[in-house]
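1. model this:
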Amino acid sequence: MAGQRVLELGCGAGQALICLGQRVGGLRLDGVELQPNYADLARRNGDLNGLELQISTADLSALPESVKQGQYDHVIANPPYYCKGAHSPAQDDGRRVALGEDTPLELWLDAAARRLAPKGYLHLIQRADRLPDVLAACAGRLGSLEVLPLVPRAGRRAELIILRARKGGRAAFQLHAPLVLHSGARHETDGKDYTPVVEGILRQGAALPWPTPPKAR
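-> As a prediction, this is how the structure comes out:
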């Protein structure tokens, strides 16, 4: 919604903030990125796309005062997927830092919760096998937890999940039906085979169809 403030933790080159800013006008878009090269790239990408991004180069454990003093309607984050040492290291140093968890997942959730305004929302994407860690880190910090599994194809197990959580939320936990990313049982031809819903999100700027909770009976 126009006029709201959004913070991305670990914003990388600014892709998510830019996509959001192009789809929803009038937002205040802030980002925090540990790696200076990526932070500088996010600023330049914002300029190239006509968006004013406020990017801070900082660690989550030492946020600048401009971020610490702010309250945000939304925080988004894509923390590193792997525990340190649990995957083959990437050749590129930037990818190695982005994929490997040097900052514990709990600190990501804590930083997000502290920056959210009352009733503000966190949206976080993570590997499905890290869901227990994500839920544990939310305890005492965030409520009204909802989980949307992302499955590569129908009948396959979820590889990623999107968590929605609310500061001060008290609604019951919800595990939604999965969002299927690709059509068909397998990849048959060259090119993309996203489902129409996912194609709309990626190519036409459609909103993610977040499931509506059932009405109480």
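
2. hey, let's count contacts and neighbours off CA atoms from now on
-> OK.

3. now do the helices in this structure.
-> For the chain, applying DSSP state H gives helices covering 15-23, 36-48, 65-68, 93-99, 105-115, 131-138, 196-203.

4. where do the strands sit along this structure?
-> For the chain, the strands defined by DSSP state E occupy 5-9, 28-33, 53-57, 72-77, 82-83, 100-101, 116-127, 143-151, 160-166, 174-175, 179-180.

5. mind putting these into JSON lines with mean pLDDT and mean neighbour count?
-> Converted to JSON lines, the strands of the chain look like this (pLDDT from 0 to 100; neighbours: other CA atoms under 10 Å):
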{"stretch": "strand 5-9", "mean pLDDT": "98", "mean neighbour count": "24"}
{"stretch": "strand 28-33", "mean pLDDT": "98", "mean neighbour count": "23"}
{"stretch": "strand 53-57", "mean pLDDT": "97", "mean neighbour count": "21"}
{"stretch": "strand 72-77", "mean pLDDT": "98", "mean neighbour count": "22"}
{"stretch": "strand 82-83", "mean pLDDT": "72", "mean neighbour count": "17"}
{"stretch": "strand 100-101", "mean pLDDT": "50", "mean neighbour count": "18"}
{"stretch": "strand 116-127", "mean pLDDT": "98", "mean neighbour count": "20"}
{"stretch": "strand 143-151", "mean pLDDT": "98", "mean neighbour count": "21"}
{"stretch": "strand 160-166", "mean pLDDT": "98", "mean neighbour count": "22"}
{"stretch": "strand 174-175", "mean pLDDT": "97", "mean neighbour count": "14"}
{"stretch": "strand 179-180", "mean pLDDT": "97", "mean neighbour count": "20"}
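
6. need these in a markdown table (columns: distance to Gln15).
-> Below are these laid out as a markdown table (distance: least, CA to CA, whole Å):
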| stretch | distance to Gln15 |
| --- | --- |
| strand 5-9 | 10 |
| strand 28-33 | 11 |
| strand 53-57 | 11 |
| strand 72-77 | 12 |
| strand 82-83 | 21 |
| strand 100-101 | 20 |
| strand 116-127 | 14 |
| strand 143-151 | 20 |
| strand 160-166 | 17 |
| strand 174-175 | 27 |
| strand 179-180 | 22 |
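
7. any chance of the helices of the chain in TSV, with mean pLDDT and distance to Glu188 too?
-> What follows is the helices of the chain, written out as TSV (pLDDT from 0 to 100; distance: least, CA to CA, whole Å):
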stretch	mean pLDDT	distance to Glu188
helix 15-23	96	29
helix 36-48	98	35
helix 65-68	94	47
helix 93-99	47	29
helix 105-115	97	37
helix 131-138	97	31
helix 196-203	94	17
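
8. go through these and name the closest to Val75.
-> Relative to Val75, the nearest member of these by CA to CA is helix 105-115, separated by 6.2 Å.

9. so which residues make contact with that closest one?
-> If you take CA atoms under 8 Å, 6 or more residues apart in numbering as the criterion, helix 105-115 is touched by 9, 60-61, 67-68, 70-72, 75, 79, 122, 133-134, 137-138, 141-142, 167.

10. what's the angle from that helix to strand 72-77?
-> 160 degrees (axes from the mean of the first three to the mean of the last three CA atoms, to 10 degrees).
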